[in-house]
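Visitor: what follows is a predicted protein model with its sequence.
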Amino acid sequence: MSIEHCVIIGGSSGIGLATAKRLLSPTMKVTITGRSEDKLNNAWKSLGGTVGKAAFDATKPDAVRHFFDGLGPFDHLVLAASGGKGLGPFATLDLADIGGGRRSLPSTPERRRSAVSVAPRTSPTRSPSWCPTVS
């Protein structure tokens, strides 16, 4: 049995946490991240304490780089920390639209099979349901 690894940036609440709940299974390892250590710990507990977690501010390039440098291989990346921008194929996203200029997200396609960017907050131009685009 092959186990895949999904990293969810912004996984401590909202759509990121809902995605983690949906993906968590014996064949999917999940790692969630968030800014607030308290929210992250509550999310971790709600997931049964079985997921990886990391607290950092995804708008800080050095913090993001440090996280990914220590992470190891992963198969899927979900970006759920944006302010409503950042939908589309991962390879074509303008990272300035994702959380105020996060330019240090991994760009190594060999490390992941897919990436999904979601709009965690609704806006008048978007449906309130999550609308992933996988590349």
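Guide: Cool, got the structure.
Visitor: all helices of the protein, in order?
Guide: Taking DSSP state H as the test, the helices found in the chain are 14-23, 37-46, 61-71.
Visitor: next, the distance between the ends of stretch 16-33.
Guide: 9 Å (CA to CA, to the nearest Å).
Visitor: cool, stretch 53-64 as well?
Guide: Distances were taken as CA to CA; on that basis the terminal residues of stretch 53-64 are 13 Å apart.
Visitor: ok, stretch 38-53 next?
Guide: In terms of CA to CA, the two terminal residues of stretch 38-53 are separated by 12 Å.
Visitor: kindly report the same for stretch 17-37.
Guide: Terminal residues of stretch 17-37 are spaced 14 Å apart (CA to CA).
Visitor: quick one: buried residues of that stretch?
Guide: Along stretch 17-37, these residues count as buried under the neighbour rule (16 or more other CB atoms under 10 Å): 17-20, 23-24, 28-35. From N, CA and C alone the C-beta is placed, and that goes for glycine too.
Visitor: closest to residue 52 out of these?
Guide: residue 31 (3.6 Å; CB to CB).
Visitor: output the below-cut-off pLDDT ranges for this protein.
Guide: The model of the chain has pLDDT under 70 over residues 82-135.
Visitor: where do the strands sit along it?
Guide: Assigned by DSSP state E, the chain shows strands spanning 4-9, 28-34, 52-55, 76-79, 114-117.
Visitor: okay, now residue 58: neighbour count?
Guide: 22 (other CB atoms under 10 Å).
Visitor: pretty sure it sits against residue 65.
Guide: No - at 11.0 Å, residue 58 does not count as touching residue 65 under the criterion of CB atoms under 8 Å.
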